[in-house]
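Asks: When you get a sec, could you give me coordinates for this:
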Amino acid sequence: MSLFQPGDAPNRNYCLFRDGQESHHCRGRDYIERLWLECAHLADADAAEKARHDFESVYWELQVAYALKSVAKSVVPRSKLNYRKNEGTDFFVEDPDTWVECVVVPVGTGADAIPYPELGKLGVLSRVR
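Replies: Residues are numbered from 1 along each chain as shown. Have a look, this model is predicted:
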């Protein structure tokens, strides 16, 4: 099953990676799908649906899970952590026992907002006030 599903999605990056035809969209989609294939079982049960409106958070959780697996850490799947209402820390890593929480800060609103980055363009941060 793919992370990217057809239909409406309010998240701009989700839509760009799912539907984009430029080379960086295609390469990004392939990479994200590899992360999903390797780590979906470690994510929230509703991660594919959540990605439609909060893609960046789901992507970051997958990236962190993949990095932990890549250094041979034993990551306990969320389904085995017995969370109620899907609440709790994102990952539990064994040996040494460690809780991992993945956080993505949104761009914000108003005068303090950071401009939404444009994929494939350099120098976006130079425009930050």
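Asks: going forward, measure contacts between C-alpha atoms and count neighbours the same way
Replies: Noted.
Asks: mind listing the helices for the chain?
Replies: With DSSP state H as the criterion, the chain has helices at 12-19, 23-39, 47-70.
Asks: Please identify which of those helices is closest to Pro115.
Replies: With distances scored as Cα to Cα, the stretch of these nearest to Pro115 is helix 12-19 (13.6 Å).
Asks: The closest one to helix 23-39, inter-axis angle?
Replies: Orientation note: helix 12-19 sits at an angle of 90 degrees relative to helix 23-39 (axes from the mean of the first three to the mean of the last three Cα atoms, to 10 degrees).
Asks: one step back: mind putting the helices of the chain into a markdown table with mean pLDDT?
Replies: Formatted as a markdown table, these follow (pLDDT from 0 to 100):
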| stretch | mean pLDDT |
| --- | --- |
| helix 12-19 | 94 |
| helix 23-39 | 95 |
| helix 47-70 | 94 |
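Asks: Including mean neighbour count and distance to Gly110, could those go into TSV?
Replies: Formatted as TSV, those follow (neighbours: other Cα atoms under 10 Å; distance: least, Cα to Cα, whole Å):
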stretch	mean neighbour count	distance to Gly110
helix 12-19	18	19
helix 23-39	16	29
helix 47-70	19	20
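Asks: Could you export the ones you listed as a markdown table, including distance to Lys80?
Replies: Compiled in a markdown table, these are given as follows (distance: least, Cα to Cα, whole Å):
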| stretch | distance to Lys80 |
| --- | --- |
| helix 12-19 | 28 |
| helix 23-39 | 14 |
| helix 47-70 | 15 |
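Asks: what residue is smack in the middle of this structure?
Replies: Note on the chain: the residue nearest the mean C-alpha position is Tyr59, at 1.3 Å, using Cα atoms, centre = their mean.
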